[in-house]
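Engineer: Here you go, sequence then predicted model.
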Amino acid sequence: MNNYNKFLQKFCPLLLVLPAQIVGKIRPEHANIYSSTCPQERRDSFASVGKKRVSKRCLKEKIFDEFLSLEYTNPAYGQVHFLTVACFMIQHRRYSDEGLVWIQSTLRTSLEQQLTGQQLRQLAAKGTDGATRTWKVTRQPDAPPLPKVAWSMTITDVAQHMQDAESYCEQVKQWARTTLQQMESVR
């Protein structure tokens, strides 16, 4: 077994057996945000995972899909869903400039006030209400790219250190704190 297969087996076992469930758990209105942008990956062909070399970016996308599956199917993991999505989208430069300002503020509020999942959903709904919002949440294809940042903690760090729901949630919270700290030092 090659190192990639060992990594997948240890950190992403659902990728090998649950691709339809991963995609099926994503709400349709979020599909454009969550869907992989990795050109080397085809969602309908997860059988090829581990049979060819996959880029680091594709691997991070696969880990993200795995995390979403855990969060949607197990409430113990789902309590940090907002943080997972926020950090992944920040680090993969998917937010518009206005969306980045909004998510930075919301992430700070979430961490400082230790908001519950319900409180976060209410705050996010208020901040991104399409009826009153005049800006796009996600970065548009014609927008200038955001600068690259050498993030000191990424989704792969979370995957490497998680062992159960409790350690997963703590790792995601640490990832969020680290991401916010780096965002504030860059801006």
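Structural biologist: That came through fine.
Engineer: Show the contacting residues for Thr84.
Structural biologist: With contacts taken as Cβ atoms under 8 Å, 6 or more residues apart in numbering, Thr84 has the following neighbours: Phe64, Phe67, Leu68, Glu71, Val172. From N, CA and C alone the C-beta is placed, and that goes for glycine too.
Engineer: Okay, buried residues for stretch 104-113 please.
Structural biologist: Within stretch 104-113, the residues that count as buried by 16 or more other Cβ atoms under 10 Å are Gln104, Thr106, Leu107, Ser110.
Engineer: Contact partners for the second one?
Structural biologist: By that I understand Thr106. Thr106 is in contact with Ala86, Leu120, Leu123, Ala124, Gly127, counting by Cβ under 8 Å, 6+ apart.
Engineer: Where neighbours are concerned, which of those residues has the most?
Structural biologist: By neighbour count, taken as other Cβ atoms under 10 Å, the most surrounded of the contacts of Thr106 turns out to be Ala86 (24 neighbours).
Engineer: and the gap between it and Ala124?
Structural biologist: 9 Å (Cβ to Cβ, to the nearest Å).
Engineer: Same question for Gly78.
Structural biologist: Gly78 sits 14 Å away from Ala124, taking Cβ to Cβ as the criterion.
Engineer: packing partners for the helix or strand where Gln174 lies?
Structural biologist: Under the criterion of DSSP states H and E, Gln174 resides in helix 165-186. On a contact count with 3 or more Cβ pairs under 8 Å, 6 or more residues apart in numbering; DSSP states H and E, helix 165-186 meets helix 75-78, helix 81-91, helix 97-113, helix 155-161.
Engineer: Quick one, which of these gets closest to Ser185.
Structural biologist: Set against Ser185 and scored by Cβ to Cβ, the helices and strands packed on helix 165-186 come closest in helix 97-113, at 12.0 Å.
Engineer: any idea of the mean pLDDT for the closest one?
Structural biologist: Per-region confidence: helix 97-113 scores 92 on mean pLDDT.
Engineer: To which secondary structure element is Leu59 assigned?
Structural biologist: Secondary-structure assignment from DSSP H and E places Leu59 in helix 56-73.
Engineer: Okay, domains of the chain per the record?
Structural biologist: The chain breaks down by automatic domain parsing into domains covering 1-73, 78-187.
Engineer: low pLDDT regions in this structure?
Structural biologist: Per-residue confidence of the chain (counting by pLDDT under 70) places the weak regions at 1-57, 186-187.
Engineer: Repeat the analysis, applying 50 as the threshold.
Structural biologist: Judged by pLDDT under 50, the chain has its weakly predicted residues at 4-5, 8, 13-52.
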